[in-house]
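Student: Give me a 3D structure for the following:
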Amino acid sequence: MMGQEDGLEPVVCGEQPREDPSHFAFQRATTKLQSVYRGHKSRLWYDERRTTKHRHATRLQAAFRGYKGRSQTKQLQTRHSSVLRVQAAFRGHRTRERVRERVMSRLE
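Tutor: Below you'll find the model as predicted:
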């Protein structure tokens, strides 16, 4: 047995012996790298989802604000036309009163 005579144990499939401290350090480093990579991928996924949700929320808000603005504009136009009608009616009334007063003063 060649491996036992020179103090080396056989290596199977490229693995280092479990008693070797560098093996544990390698495993810890590998685990840490995997953890960092998985965290990175999770953050990317989360940011993408959040960005998508944010985009959808922004579109919804814009649609509602547009609707609200159009509704308010329509109300203002209705009020404006109503005010114009009242003003026109009052001016017509005032003009008729003035004409009536002039006519009455000429008749006297």
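
Student: which residues touch residue 84?
Tutor: With contact set as Cβ atoms under 8 Å, 6 or more residues apart in numbering, residue 84 has no partners. Yep, even glycine has a C-beta here, placed from its N, CA and C like the rest.

Student: Go ahead and list the helix or strand containing it.
Tutor: helix 21-107 (DSSP states H and E).

Student: pLDDT weak spots in this protein?
Tutor: 1-19 (pLDDT under 70).

Student: repeat that for 80
Tutor: 1-21, 108 (pLDDT under 80).

Student: So which residue is smack in the middle of it?
Tutor: The residue lying closest to the centre of the chain (Cα atoms, centre = their mean) is residue 54, at 2.5 Å.

Student: And it, how close does it get to residue 42?
Tutor: Residue 54 sits 18 Å away from residue 42, taking Cβ to Cβ, to the nearest Å as the criterion.

Student: now swap in residue 87 and tell me
Tutor: Per Cβ to Cβ, residue 87 is found 66 Å from residue 42.

Student: Could you do residue 78 as well?
Tutor: Taken as Cβ to Cβ, the span from residue 78 to residue 42 is 54 Å.

Student: Also residue 34?
Tutor: Applying Cβ to Cβ to residue 34 and residue 42 gives a distance of 12 Å.
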